[in-house]
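Enquirer: need coordinates for the following:
(chains A and B)
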Amino acid sequence: MTHSPLSRRAVLKGGAAVAGAAALAPLPQRAAASGGLTVGFIYVGPKDDFGYNQAHAEGAAAVKAMEGVTVVEEENVAETIDVQKSMESMINFDGATLLFPTSFGYFDPHILEVAPKYPELRFQHCGGLWQKDVHPENVGSYFGYIGMGQYLNGITAGHATQTKKIGFVAAKPIPQVLLNINSYLLGARAVDPSITCQVIFTGEWSLAVKEAEATNALADAGCDVVTCHVDGPKVVMETAASRGMFLNGYHADQSALGADTYLTGAEWNWAQVYTDMVEATMAGEAIPNFVRGGLAENFVKMSPLGPAVTDAARNQFDATKAEILKGGFAVIRGPLKDNRGNVIATEGQGFEETDVALESMDYLVEGVVGSTS
Amino acid sequence: MMEGDLGLWAIPLAILGGAIRVSTPFLFVSLGELLTERSGRINLGLEGTLVFGAMSGYAVAYLTGSAWTGVLAAAAAGSVFGLVHGVLCSLPRVNDIAIGIALMLLGMGLAFYFGKPFIQPVAPDLPAIPLGWWAESPQVQASLRVNVLFLIGIVAAVALWWMFRATRVGLLIRVVGDSTDAARAMGLRPAVIRTLATAAGGAFAGVGGAYLSLFYPGSWNEGISSGQGLMAVALVIFARWNPIACFWAAILFGGAGALGPALQSVGVSEGYYLFYAAPYVLTLALLIATSSPTRAMTGAPGELSITK
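Expert: The predicted structure follows:
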């Protein structure tokens, strides 16, 4: 009996090797097909909401246009365990190595839960307060000083208001929202110190009917200029326009929603920020864990001034903007009290936009009618 | 234009305005659900029908340039959803509550899918009747801008009440809803009547959705309903299956919803989360006050699966 060249053991070995190769094969192939880098974007709402999510999606679109980058997106992901599932599936099924979960509430506990499991991947979160030694090294935080944009909004509002009452529809009393409200009023007070700002909190990021009710309540209370900080400003802008109010936009350009009365708006410029970060990653450079920028760094931009903006308003707007671009401008500066009478800043004291203390703001300044709880 | 500070009078005015503006979707959905439940079935899917009605109404209004065509499209879409629910529930051993939940998720999913291209465009709005023309104050004028659909809703509530009380059709629906056996003995076909009642109920819910997207707040987005369809279903029980009571319940919910923003606008700003819970607290209080351990719920149709 001749000995077969293929012993049973050799066959088994060969079979195992083939099976192993087959199992491993798809991974390198997919990486090659995607050209190296897959970037995942997660949004809390629809990505064409005229607002927060649209601003991020416009940034993602700019990344999509880059050579050799694949973008995967998911919208309407709640700030719950859902976002952890979305991240896991982007990592394990799409091969994403750079993730942008963009909503504030994704950070704690969801990103902090998932990130330590994938130390070689990068999680970039918008707005969270990343701290060294407390949070994972592969998590980064980025945000823009859009409060400056609301300050400039406030200047146009201060010139436009006849009733000396301006309005703000806000979602939740978190530091970024409070800074926007305070900046908006202080901008208007730079025009006329007798102006007050009425704020109404809706309690959620996206509640169409309540936002419309809040806008109507502001109009009824005599406010004649309004801005907002909710995810999709479309409802606020349309309702305010129907009540004949002047509009200050937020998140994205809403001039299409109230052509004649749209003064200007504070917009995000994520296209710039995201393409920079993706370029750095492709070049093998590390993205800093804590990135911030304002008007000067192109993180934030203003809508073109509308037809209702007077020459006086335009001049003050341009002068203040030039001042901000120089750097070192402080919106929150002394003497300043909050609306309960506590001293926020004494004479000569100021918080520049880069001051991290502003990111834990918990007060409304004097002149804002409203409460944080 | 905004002269005249109303002070605390702003609160009742805002509640009145809010009741008129916000109540219409509650009214239409609860009338639709009432019609369905009086025939002996529960359609929990009306939240999905409401959202799909909002989307289809907005889309058709945008594409045709006519808001009223949008309302008709929303009614048609709603009746299709109702018809599907009715037909599926006519099959043996099918649970109406489970089908309702499935249709709610389906309706929302389809609305989000087909509604994508319509989030950005601006569709024509339904016209409003300025019933506040006599008032000097712009606030009063704004509160009394009444939409035609609100008036149609009132007429529909009275018409349904009269129908159940005095017409043959109303009697047929009530017989079917109270006792399948009695209806069969009379030679009626309960499944057919229930299916038609559910389809008509769906049409009501679709119109409620069209009001949301075409008048107030007046644009289509995925968060437009925020659970109003589900609340309206509960309103029917709260209103004890009486169409006139449905109207008052809808007004109550609309007005209570306006309380939170109105109080903040006059400077009462502490604890706004509590004010926002006002409608639900009110519902609980009224249900407890009107409940009884010794007798069954008055007005409840006998064949309804939740009251059997």
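Enquirer: for the nearest residue to B:N95 once chain neighbours are set aside, list the residues it contacts.
Expert: Using C-beta to C-beta, 6 or more residues apart in numbering or on different chains and skipping residues adjacent in sequence, the residue nearest B:N95 is B:S305, 7.6 Å away. All C-beta atoms are positioned from the backbone trio N, CA, C, and that covers glycine. Under the criterion of C-beta atoms under 8 Å, 6 or more residues apart in numbering or on different chains, the contact list for B:S305 reads B:41-42, B:95-97.
Enquirer: so when I look at B:S305, I'm seeing a strand, right?
Expert: No. Assessed with DSSP: H, G, I helix; E, B strand; the rest coil, B:S305 is coil; it does not lie in a strand.
Enquirer: quick one: average confidence on the lengthiest helix in chain B?
Expert: In terms of residue count, the longest helix belonging to chain B (DSSP state H) is helix B:10-38. Across helix B:10-38, pLDDT averages out at 90.
Enquirer: buried stuff in that helix?
Expert: For helix B:10-38, a neighbour-count test (16 or more other C-beta atoms under 10 Å in any protein chain shown) marks B:10-11, B:13-38 as buried.
Enquirer: just confirm yes or no for that helix near chain A.
Expert: Yes. Shown here: helix B:10-38 in contact with chain A (C-beta under 8 Å from any C-beta of the partner chain) through B:10, B:13-14, B:17-18, B:21-22.
Enquirer: now do that helix: distance to the chain's middle.
Expert: Between the mean C-alpha location of helix B:10-38 and the chain-wide mean there is a distance of 7 Å, by C-alpha atoms, centre = their mean, to the nearest Å.
Enquirer: buried set for the helix or strand following that helix?
Expert: Downstream of helix B:10-38, the first helix or strand assigned by DSSP states H and E is helix B:46-64. Buried residues in helix B:46-64, counting neighbours by 16+ other C-beta under 10 Å, are found at B:46-62.
Enquirer: by how many degrees do the helix or strand of chain B with the lowest mean pLDDT and helix B:10-38 diverge?
Expert: Of all the helices and strands that make up chain B, helix B:278-290 has the lowest average by mean pLDDT, DSSP states H and E, namely a mean of 78. For helix B:278-290 against helix B:10-38, the angle by axes from the mean of the first three to the mean of the last three C-alpha atoms, to 10 degrees is 60 degrees.
Enquirer: can I get the contacts of B:S305 in TSV including pLDDT and neighbour count?
Expert: Supplementary listing: those in TSV, determined by pLDDT from 0 to 100; neighbours: other C-beta atoms under 10 Å in any protein chain shown:
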residue	pLDDT	neighbour count
B:R41	93	28
B:I42	93	25
B:N95	91	12
B:D96	92	24
B:I97	92	15
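Enquirer: now the strands for chain B?
Expert: For chain B, applying DSSP state E gives strands covering B:128-130, B:145-147.
Enquirer: excluding chain neighbours, what is closest to A:G341?
Expert: Distance criterion C-beta to C-beta, 6+ apart; nearest residue to A:G341, sequence neighbours excluded, is A:E366 at 7.9 Å.
Enquirer: for A:L178, same thing?
Expert: Of all residues beyond its chain neighbours, the one nearest A:L178 is A:M361 (4.7 Å), with distances taken as C-beta to C-beta, 6+ apart.
Enquirer: now do A:G95
Expert: Leaving aside its sequence neighbours, A:G95 sits nearest to A:T38 (C-beta to C-beta, 6+ apart; 5.0 Å).
Enquirer: where along the stretch 251-373 of chain A do the helices fall?
Expert: Taking DSSP state H, counting those that start in this stretch to define them, one finds helices in the stretch 251-373 of chain A at A:270-282, A:311-326.
Enquirer: most tightly packed of those helices?
Expert: Stretch with highest mean neighbour count among the helices of the stretch 251-373 of chain A: helix A:270-282 (a mean of 19; mean count of other C-beta atoms under 10 Å in any protein chain shown).
Enquirer: residues in the stretch 51-200 of chain A within reach of chain B, list them.
Expert: Residues of the stretch 51-200 of chain A lying near chain B by C-beta under 8 Å from any C-beta: A:76, A:162-163, A:198-200.
Enquirer: selection in ChimeraX covering whichever of those are buried, please.
Expert: Once 16+ other C-beta under 10 Å is used to decide burial, the buried members of these can be selected in ChimeraX as follows:
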select /A:163,198,199,200
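Enquirer: taking the residues of the stretch 51-200 of chain A next to chain B together, which two end up most distant?
Expert: Across those, the longest distance by C-beta to C-beta is 40.2 Å; it joins A:N76 and A:Q162.
Enquirer: any low-confidence regions in the stretch 1-150 of chain B?
Expert: Within the stretch 1-150 of chain B, the segments meeting pLDDT under 70 span B:1-7.
Enquirer: try 90 this time
Expert: B:1-22, B:92-93, B:116-146 (pLDDT under 90).
Enquirer: also the stretch 151-300 of chain B?
Expert: Along the stretch 151-300 of chain B, the parts satisfying pLDDT under 90 run over B:216-235, B:237-240, B:252-300.
Enquirer: go again using 80 as the cut-off
Expert: Along the stretch 151-300 of chain B, the parts satisfying pLDDT under 80 run over B:226, B:266-271, B:278-280, B:282-283, B:286-287, B:289-299.
Enquirer: re the thing from before, how many residues are close by the residue nearest to A:L178?
Expert: When counting by other C-beta atoms under 10 Å in any protein chain shown, one arrives at 24 neighbours for A:M361.
Enquirer: swap in A:N180?
Expert: Other residues near A:N180 number 25, with proximity taken as other C-beta under 10 Å.
Enquirer: could I get the contacting residues of it?
Expert: If you count contacts by C-beta under 8 Å, 6+ apart, A:N180 has them with A:146-147, A:150, A:168, A:170, A:229, A:250, A:266.
Enquirer: wait, is it part of a strand?
Expert: No. Inclusion of A:N180 in a strand is not indicated when three-state DSSP is applied; the result is helix.
Enquirer: grab the nearest non-local neighbour of it.
Expert: A:Q150 (4.5 Å).
Enquirer: please look at the one you found and A:T227 and confirm they touch.
Expert: Yes. If you go by C-beta atoms under 8 Å, A:Q150 and A:T227 touch, sitting 7.0 Å apart.
Enquirer: so which of these two has more stuff around it?
Expert: The neighbour count for A:Q150 versus A:T227, taken as other C-beta under 10 Å, is higher for A:T227 (31 against 28).
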